[in-house]
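> I'll drop the sequence and a predicted model, then ask my questions.
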Amino acid sequence: MTSPLVLASASPFRKALLENAGLTFDVESAQIDERAVEAALGDLNPEDVATILAEAKAQDVSERNPGAIVIGSDQTLSLDGAIYHKPADMDEARRRLLALSGKTHDLTSAIVLAKDGETIWRHMSVARMTMRDLDPGFIGRHLSNVGDEALSSVGAYQFEGEGIQLFERIDGDYFAIIGLPMLPLLAQLRDLGAIDG
């Protein structure tokens, strides 16, 4: 009998990716304070921050789900050495898009698998995202169109939706951009015998 799968995330986008791949899994959000964990880390690079947060989520949920393979994930956005988090309100979303306009930023997506409170696998992918030069008026109209969805991602955009209009170029895995690098995850789950393969 294979181990049950649990997604340690409230993200509807990550849930949809797993559902679209035909996986059977439960969803349980981690009960950690991400900003407190990050503050305790000190000055780390975006890759380490994403991996440590993904691991903290996976281990937290794993401890409450004995025998399950728990999928923890986290994504950071970095620009010029600074790490950004989800905008708190629409004004911050507007400032975020103005800051990203005409520049290339990195989206780092980390996945960690945990079982019985122990990490059993880690993976990290980076996508380089080049935003076109955005007119401030267009940013305002775009945010008006997408509404509060802009507050659900670190970049204040949904690449899988209208946010695609903000970009000039991307280098990287589509699934890493959405927040869950699916191909390495599925390969690892097959290797573990957790899914049919």
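Arrived safely, thanks for sending. Numbering: from 1, shown residues only.
> what's downstream of the strand ranked longest in the chain, the next helix or strand?
Longest strand of the chain, by residue count under DSSP state E: strand 118-131. As assigned by DSSP states H and E, the chain's next helix or strand after strand 118-131 is helix 136-146.
> tell me what the following helix or strand past that following helix is packed against?
Counting by DSSP H and E, the next helix or strand C-terminal to helix 136-146 is strand 167-171. Contacts defined by 3 or more C-beta pairs under 8 Å, 6 or more residues apart in numbering; DSSP states H and E place strand 167-171 against strand 118-131. No exception for glycine: its C-beta is placed from N, CA and C like everyone else's.
> can I get the CA coordinates of the strand it packs on in CSV?
The C-alpha trace of strand 118-131 is given here as CSV (Å, rounded to 0.1, in the frame of the first residue of the first chain):
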residue,chain,number,x,y,z
GLU,A,118,11.7,13.8,8.6
THR,A,119,12.8,15.4,5.3
ILE,A,120,13.2,12.8,2.6
TRP,A,121,13.8,15.0,-0.5
ARG,A,122,14.5,18.6,-1.6
HIS,A,123,14.3,20.3,-4.9
MET,A,124,14.7,23.9,-6.0
SER,A,125,14.1,25.6,-9.4
VAL,A,126,14.7,29.2,-10.4
ALA,A,127,12.8,31.1,-13.2
ARG,A,128,14.1,34.4,-14.6
MET,A,129,11.2,36.7,-15.4
THR,A,130,11.7,39.8,-17.5
MET,A,131,8.8,42.3,-17.2
